[in-house]
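Novice: the sequence and its predicted three-dimensional model are supplied below.
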Amino acid sequence: GIRDSSVTGVQTCALPISTAMTTSMTLTGTFVCQNFTTSGRGSTGMNSIVLGGNLTVNGTFLANSGGSSTTRSFFQSSAIGTQRTLSIATFSASCTDLDFRDIAVTGTASPINDAGRTLRLGDCGNNSGITFSAGVPKYWVGGTTNWGTTSWSSASGGGATAADFPLSQDTATFDDASAAGITVTINAVYNIGSVSFSGRTTRAITFTVSAAVSLYGSLTLSSQVTYSGTSTLSFTGQGGTQTITLAGQTLTGAITLNGTGTYRLGANLAIGSTLTTTLTTGTIDLQTYTWSTGIFSSTGTTVRSVAFGTGKILLTGNNGTIWSMSNGTNYTATGNKTVESNYAGAVGFRLIASGDNPAASVTESAAPNIVVTGSGTDKFTFQVSAAQSRVGNLDLSGFAGPIGDSTSGNRNAPPVIFGNLTLNAASN
């Protein structure tokens, strides 16, 4: 058997693939086998089975054997948004508690029918050949404990059952029917749909994220929520809109945006001044709100965008790169394109990297309008590598320190400015 390893090279194998899994397995390239069997992980959380190419199972497919609603396996393409074909002759009736993303099921077993939720299959988007159950609310009815427990019910204040563990198309719902002062901790990796605390209006609750999770729906907090934990929160929806409404709360972990849809603010968003928001793919829609983050990173060639509207991105970090977009290929922006930096201290430098490598990779229409506030006296600098960084307007009227950093050649060149330049007499 193959145990927790990457499988490459063999294109056709008459023998079965039988794997005792504890974390993950990657199949690279097209692969054909007779039977396909993987065991459940034996502890709460999720195994990952990554398809780098298509997989054909000429016999029986039995993944996550012995698994449960809280010990799941995740079949996914190696490239988000790109489907892999999973051809199955026979889908075992014992095959339950699987999540799928970017998978097209074909063969005589297709379509796999889980409309009645007997198999508890999770839909993470861009799948075909599977009939998933419709997404429904699942209510927290437990006390202080971990997410991956049988503390869920199909009704507010109802009885808890293992079958009611929320799938990736469901809405995990927290209301005032559960006790006050409890802590719910995501302590293992899961695919999670929407999370809503909108009905938690009178009873305090702590929501701790201590494992990296992917959200495929919206996130709605309330004034009763205390958010804790330093693990990264990934918004990975496949198409559609994920709305983020934090109700004045501050997230204590980094954010990654790597879905194919829209991430829309329903209120101001804030994460800590040392934390990074990473936009890999998809569109941020600020509307009228502020996205506050220590660092904003979106360098590369993937298609991504920010619809600023009348909102803004507020950079609260310092002593390093705060806007990281050296490679702005395929990045677009609309609206006012306001990017504000508000550090008020004197430590180190703040660096803007915008379309400097490859040269001119941030277009004039996408260039950020940089506004510096806070009267900081550190150094405000711009990256230069293959070329100078590129900005729209540059407003330094709220900055009292030196512009550029003479101690570093790649931080001492002025940017290309497409719009207006406003200086503070105190700057030099």
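Specialist: Received the coordinates, thanks.
Novice: tell me which other helices or strands the longest strand along the chain touches.
Specialist: Longest strand of the chain, by residue count under DSSP state E: strand 55-65. If contacts are counted by 3 or more CB pairs under 8 Å, 6 or more residues apart in numbering; DSSP states H and E, strand 55-65 sits against strand 31-33, strand 36-39, strand 71-77, strand 84-91. Where C-beta positions appear, they are placed from N, C-alpha and C, glycine not excepted.
Novice: what's the closest of these to S48?
Specialist: Taking CB to CB, strand 71-77 is the member of the helices and strands packed on strand 55-65 nearest to S48, at 4.9 Å.
Novice: quick one on the thing from earlier: and the helices and strands packed on strand 55-65: which comes nearest T301?
Specialist: Per CB to CB, nearest to T301 of these: strand 71-77, 18.8 Å.
Novice: could you give the angle of the closest one to strand 55-65?
Specialist: Angle, strand 71-77 to strand 55-65, by axes from the mean of the first three to the mean of the last three CA atoms, to 10 degrees: 160 degrees.
Novice: how many neighbouring residues does G159 have?
Specialist: 9 (other CB atoms under 10 Å).
Novice: repeat for the one 5 residues further on
Specialist: The criterion is other CB under 10 Å. On that basis, D164 has 23 neighbouring residues.
Novice: now swap in D176 and tell me
Specialist: Other residues close to D176 by other CB under 10 Å number 15.
Novice: any idea how far it is from S156?
Specialist: Note on D176: its distance to S156, by CB to CB, to the nearest Å, is 9 Å.
Novice: isn't G355 up against G392?
Specialist: No - with contact defined as CB atoms under 8 Å, G355 does not count as touching G392 (11.4 Å).
Novice: more neighbours: which of these two?
Specialist: Taking neighbours as other CB under 10 Å, G355 and G392 compare with G355 leading, 30 against 22.
Novice: SS state for the closest residue to P166 other than its chain neighbours?
Specialist: Spatial nearest neighbour of P166, excluding adjacent residues (CB to CB, 6 or more residues apart in numbering): K138 at 4.0 Å. Taking DSSP: H, G, I helix; E, B strand; the rest coil as the rule, one finds K138 in the strand state.
Novice: please report how far K138 lies from A353.
Specialist: 43 Å.
Novice: which of those two has more neighbours?
Specialist: Neighbour totals were compared for K138 and A353, and A353 leads with 25 against 20 (other CB under 10 Å).
Novice: helix, strand, or coil at the more buried one?
Specialist: A353 - assigned by three-state DSSP - is strand.
Novice: beta partners of it?
Specialist: Applying DSSP bridges to A353 gives these bridge partners: S324.
Novice: and the longest strand of the chain, C-alpha only, in PDB?
Specialist: Written as PDB, here are the backbone C-alpha positions of strand 55-65 (Å, rounded to 0.1, in the frame of the first residue of the first chain):
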ATOM      1  CA  LEU A  55      -8.100   9.000 -11.500                       C
ATOM      2  CA  THR A  56      -9.800   6.000 -12.900                       C
ATOM      3  CA  VAL A  57     -11.000   3.200 -10.600                       C
ATOM      4  CA  ASN A  58     -12.100   0.200 -12.600                       C
ATOM      5  CA  GLY A  59     -13.400  -1.600  -9.500                       C
ATOM      6  CA  THR A  60     -14.700  -0.400  -6.100                       C
ATOM      7  CA  PHE A  61     -14.100   3.000  -4.700                       C
ATOM      8  CA  LEU A  62     -14.100   3.000  -0.900                       C
ATOM      9  CA  ALA A  63     -12.500   6.200   0.600                       C
ATOM     10  CA  ASN A  64     -12.500   7.100   4.200                       C
ATOM     11  CA  SER A  65     -13.300   3.600   5.300                       C
END
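Novice: list the buried residues of it.
Specialist: Neighbour counts over strand 55-65 (16 or more other CB atoms under 10 Å) mark 55-58, 60-65 as buried.
Novice: which of these sits closest to A188?
Specialist: N64 (14.9 Å).
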